[in-house]
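Q: here is a sequence with its predicted model. Questions after.
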Amino acid sequence: MSDHIEMTKTTPKDFLLATLGGLFAPGLAIFLIVMLVLGVRAGMGTPDPTPLADKAVRERIKPFGVSVAVDPNAPRAERSGEAVYAEVCFGCHESGALGSPKFKEKAAWGKRIAQGYGTLLDHALKGFNKMPSRGGDPDLSDIEVARGIVHMANAAGANFQPILKKELEPSAADLVRGKGVYAENCASCHDTAVTGAQKLNDAKAWAPLLKEGKEYLYNAAINGSFGGPAKGGNVKLSDADTKVAVDYMVAEAKATSAAKPAAK
Ligand code: HEC
Ligand code: HEC
């Protein structure tokens, strides 16, 4: 009993050791943390062990970061025919793989072009024998597929425009409705070309836009494009009304370029 009590008695020496030990443990922890921080900072100067992967990731996230910062509602950029070809169609058509008509080979494309643009578009969208639907890339939009076809067909002598079949000529009633929508919502800018809007009867300004196809113009008018506000700035305007306004603008632009092709 008394022995037991003796053993738990703390001598000044024990006290000193315990105190030093108690100080040493947190001291060691602090020392390790400092070393860790220094190590991490030193490591920042040394070459990244995975520079390629890191660069690839940065490259991949960059365009999204940029476009989100500029305008989160910007329509997804539709690729050009050249880009679609390089990214998707090239895989087969560059070499003529699987019996596909080879790029720029007029003999291979002649008969196909003769079928007409509409058939080619239909086949490329839906697939045709060993030609997979949309070249095997379901993310391609209709207009991107159309541009890919036109890029290839025109390189083999055709003179097609990337138009979608949906682009039926608007009815006379649509144009009347479109004219009204235009007068109320669009004329303020497009009659005068204020802030860089393409003037309604400026054939030169509209020529490149007409080539983009109506789907692109609908998209630009509904979602906004560069300086052009979405729906002309009228949030209450329906998509359908915005489209007939575009129909009206396109019809006017076409009429102008037909009437005075040399007009500036
Ligand atoms: C996996 C291979 C492959 C890829 C990728 C591919 N094609 Fe094809 N394509 C073919 C083959 C094979 C044919 C010939 C089909 C036939 O005539 O039987 C063909 C034919 C075509 C035709 C002619 C159809 C006709 O009616 O004669 C068009 C137009 C076409 N491809 C467009 C495209 C476009 C546009 C892309 C890219 C978006 C693309 N292809 C990507 C294999 C491919
Ligand atoms: C506040 C001025 C303003 C109003 C109102 C306006 N727009 Fe525009 N719009 C612009 C400008 C600026 C551009 C040129 C964008 C550019 O540089 O491509 C443009 C371009 C366009 C284009 C071409 C797309 C492109 O990529 O350039 C279409 C189509 C269009 N507007 C349709 C409409 C329609 C339809 C309306 C009415 C519902 C309308 N706009 C009302 C300013 C306006």
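A: That came through, no problem. Ligands and ions are numbered 1, 2, ... in the order given.
Q: stretch 224-233 and ligand 2, any residue contact?
A: Yes: using CB under 6 Å from any ligand atom, we find that stretch 224-233 touches ligand 2 at 225-229, 231-233. For the C-beta atoms, the positions are set from N, CA and C on the backbone; glycine is no exception.
Q: quick one, what contacts the closest residue in space to residue 232 that isn't next to it in sequence?
A: Among residues not flanking residue 232 along the chain, residue 185 sits closest, at 4.0 Å (CB to CB, 6 or more residues apart in numbering). Shown in contact with residue 185 (CB atoms under 8 Å, 6 or more residues apart in numbering): 231-234, 237, 245.
Q: residue 13 and residue 134: what is the separation?
A: 85 Å (CB to CB, to the nearest Å).
Q: what's the answer for residue 235, then?
A: According to CB to CB, residue 235 and residue 134 sit 33 Å apart.
Q: pick out whichever of those two has more residues nearby.
A: Taking other CB atoms under 10 Å, residue 235 and residue 134 do not tie; residue 134 has more neighbours (21 against 8).
Q: so the more buried one sits right up against residue 140, yeah?
A: Yes: taking contacts as CB atoms under 8 Å, residue 134 lies within contact range of residue 140: 4.6 Å.
Q: before we move on, back to that, which one (most neighbours) among the contacts of residue 185?
A: Going by other CB under 10 Å, residue 245 tops the contacts of residue 185 with 28 neighbours.
Q: can you tell me the element the residue nearest to that residue when sequence neighbours are not counted falls in?
A: Once flanking residues are discounted, residue 245 sits nearest to residue 181: 4.1 Å by CB to CB, 6+ apart. Per DSSP states H and E: residue 181 is located in helix 172-185.
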